[in-house]
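> Here's my sequence, what's the structure:
(chains A and B)
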Amino acid sequence: MLSKRIIPCLDCDLAVPSGRVVKGIEFKQIRYAGIPWELAKKYYEEGADEIVFLDITASHERRETMIHVIEKTSENVFVPLTVGGGIRNIEDARKVFNAGADKVAINTAAIENPQLINDIAKHFGSQACVVAIDAKRRFIASKDAVKDKITVKTPEGFCWFECSIYGGRKFVGMDAIKWAIEAEERGAGEILLTSMDRDGTTYGYDIPLTKAIAEKLSIPVIASGGCGNPEHMYEVFKETQASAALAASIFHYGTYSIIDVKKYLAKKGIEVRL
Amino acid sequence: MGNLRSVYNAIKFLGGEPILVSSPDELNDGKIIIPGVGAFGDGMKNFTQFVPKISEAISSGAPVLGICLGLHMLFEKSEESPDVRGIGAIKGEIIKIRTKLKLPHMGWNFLNVQKKSCPLFKGIGEGYAYFVHSYHAWPKVDVVAATTDYGEKVTAAIWDENIFGTQFHPEKSGAYGLKILKNFMRL
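I've put the predicted structure just below:
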């Protein structure tokens, strides 16, 4: 059977010549962690099942820098490579694939033009099309307090989840759960699901969010946002149907190595690739 | 596709000298790798011009490795594109995976090596490999070298003398996959 995947995520700021990996805290403050392809190689050698690059500069003139980062990375990294951030159309996607990426992650462009999901799936296959969703809890007084939204019970009360675009800077009133279902119908091969409430906090994944989406979809869901230790990964695999767990800071700052995390999960009975 | 570049990078990383060819005339007498991601019909359409030369190379004993769609194209035909003929170097066809689980079968799955003597697995045993596919090989002859479990037994690798095929992507299967490619390069 398929093993659960452990995926380090590298948020890349390409405003410097070779690019650098950074880590935001709740989508705002930023710390620096290293050169993208060097970190990617390190994670690959430690047993990462996949590498995710997110271009957080997202300014168009930096696209060539991202291409360079992907090319350099794919010379030494022999696991699947997913690239997201600033991919607006088929041509952007093609460049990223030609440079050595296996999958593209799209968020803003998919919400503004959902047909892009169908197009990428048609041209490059569903397996190459990851829809990234940044979801934020919107608390409500009771289960039925809002119409047209899918509500979820959390330990903190009832809420629905709103999608955000432009790296967490803009909200358009979209229901994240409904959007995930639509993305699958349009041909997305995977959902990269980030909790904006948890991202950068190290409080653990948003379990009610991940559970709600993973149980409604048959495509894999990658849980993201909030991982602070290996127990959080165990929790998300035990409590939800997530296929993969993504983390950034716990790996970047050497708190845990990927192999530590995998050994821990294996001991707890989660099937991982060791 | 990205796959072509990944295979190229992996061979180079392992100390080989890969050459990307876009016409059959560029094929030399070296080993041949047929990569591929995508549908059988489209793949064969682009590949038709290579078929005579590849068939010749196979007959002359040159080692050939088909990866994913490349493995599929070594067979006679595929359910994915019933009107299109494959290379036909291996008797049998490519069929959709009969599983209740979600397709494509995508991710890391464990290989059960069926033919321990297969040179691809020499000295490395069993391990996890990376798969992305909905169809798999259904040979009429005894060529299945490895399988994996995805609700049903899925053909993961085939071997018939100098003809090799992997359903998984060795170029994306970490150190384990690189060892398989290295074994092919050593032939």
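
> hmm, stretch B:5-25 in reach of chain A?
Yes. Stretch B:5-25 reaches chain A (C-beta under 8 Å from any C-beta of the partner chain) through B:5-6, B:9-10, B:12-13. In short, each C-beta sits where N, CA and C put it, glycine included.

> who touches that stretch?
Outside stretch B:5-25, the residues that touch it by C-beta atoms under 8 Å, 6 or more residues apart in numbering or on different chains are A:74-76, A:78, A:98-100, A:102, B:4, B:26-28, B:30, B:33, B:35, B:49-50, B:52-54, B:67, B:169-172, B:177-178, B:181-182, B:185.

> Go ahead and report the secondary structure state at the closest residue to chain B within the stretch 151-274 of chain A.
Sorted by distance to chain B under C-beta to the nearest C-beta, the residues of the stretch 151-274 of chain A start with residue A:273, at 4.0 Å. Three-state secondary structure (criterion: DSSP: H, G, I helix; E, B strand; the rest coil) places residue A:273 in coil.

> Which stretches in chain B count as helices?
Counting by DSSP state H, one finds helices in chain B at the ranges B:2-13, B:40-47, B:51-59, B:69-73, B:174-186.

> quick one on the thing from earlier: whichever of the contacts of stretch B:5-25 end up buried, select them in ChimeraX.
Below is the selection syntax for ChimeraX that covers the buried ones among the contacts of stretch B:5-25, with 16 or more other C-beta atoms under 10 Å in any protein chain shown defining burial:
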select /A:74,75,78,99,100,102 /B:4,27,33,35,50,53,54,67,169,170,171,172,177,178,181,182,185
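
> Could you measure from the residue in chain B sticking out farthest from the centre over to chain A?
The centre of chain B is farthest from one residue, residue B:100, which by C-alpha atoms, centre = their mean lies 24.4 Å away. Spatial separation of residue B:100 from chain A under the definition C-beta to the nearest C-beta, to the nearest Å is 11 Å.

> Would you mark the buried spots in stretch A:191-204?
Buried residues in stretch A:191-204, counted by 16+ other C-beta under 10 Å: A:191-200, A:202, A:204.

> What residues does residue A:116 make contact with?
Residue A:116 touches A:89-90, A:106, A:109-110, counting by C-beta under 8 Å, 6+ apart.

> Could you rerun that using 10 Å?
Taking C-beta atoms under 10 Å, 6 or more residues apart in numbering or on different chains, we find residue A:116 in contact with A:87-90, A:92-93, A:104, A:106, A:109-110, A:129, A:131, A:186.

> do residue B:55 as well
Applying C-beta under 10 Å, 6+ apart, one finds that residue B:55 lies in contact with B:64, B:87-89.

> can you check residue B:137 too?
Shown here is residue B:137, whose contacts under the criterion C-beta under 10 Å, 6+ apart are B:66, B:71-72, B:74-75, B:78, B:90, B:92-95, B:143-144, B:154-158, B:165, B:167.

> can you check residue A:250 too?
A:8, A:202, A:227-230, A:232-233, A:256-258, A:260-261.

> Among those residues, which one sits closest to residue A:218?
For residue A:218, the closest of the contacts of residue A:250 turns out to be residue A:233, at 22.1 Å, with distances computed as C-beta to C-beta.

> Am I right that that closest one is in contact with residue A:251?
No. Residue A:233 sits out of contact with residue A:251 when judged by C-beta atoms under 10 Å, with a separation of 11.4 Å.

> And the helices in the stretch 101-250 of chain A?
If you assign secondary structure with DSSP state H, counting those that start in this stretch, the helices in the stretch 101-250 of chain A sit at A:108-112, A:115-124, A:176-186, A:207-216, A:230-239, A:249-252.

> Centre of the chain to the last one, how far?
Okay, so that is helix A:249-252. In this view, helix A:249-252 has its centroid 15 Å away from the chain centroid, taken as C-alpha atoms, centre = their mean, to the nearest Å.

> For residue B:71, see how far away the closest residue to the residue farthest from the centre of chain B other than its chain neighbours is.
The shortest distance from residue B:100 to any residue that is not its chain neighbour, by C-beta to C-beta, 6 or more residues apart in numbering or on different chains, is 5.6 Å, and that residue is residue B:151. Residue B:151 sits 20 Å away from residue B:71 when distances are taken as C-beta to C-beta, to the nearest Å.

> Where is pLDDT lowest across the buried residues of stretch A:191-204?
Confidence by pLDDT is poorest for residue A:200 among the buried residues of stretch A:191-204, given 86.

> looking at it, that one is touching residue A:248, isn't it?
Yes. Under the criterion of C-beta under 10 Å, residue A:200 makes contact with residue A:248 at 8.5 Å.

> For the chain, give me the ranges with low pLDDT.
No chain in the question, so chain A it is. Under the criterion pLDDT under 70, the flagged ranges of chain A are A:15-33, A:58-63.

> think we crossed wires, I meant chain B
Screening chain B residue by residue with the criterion pLDDT under 70, one finds the ranges B:1-2.
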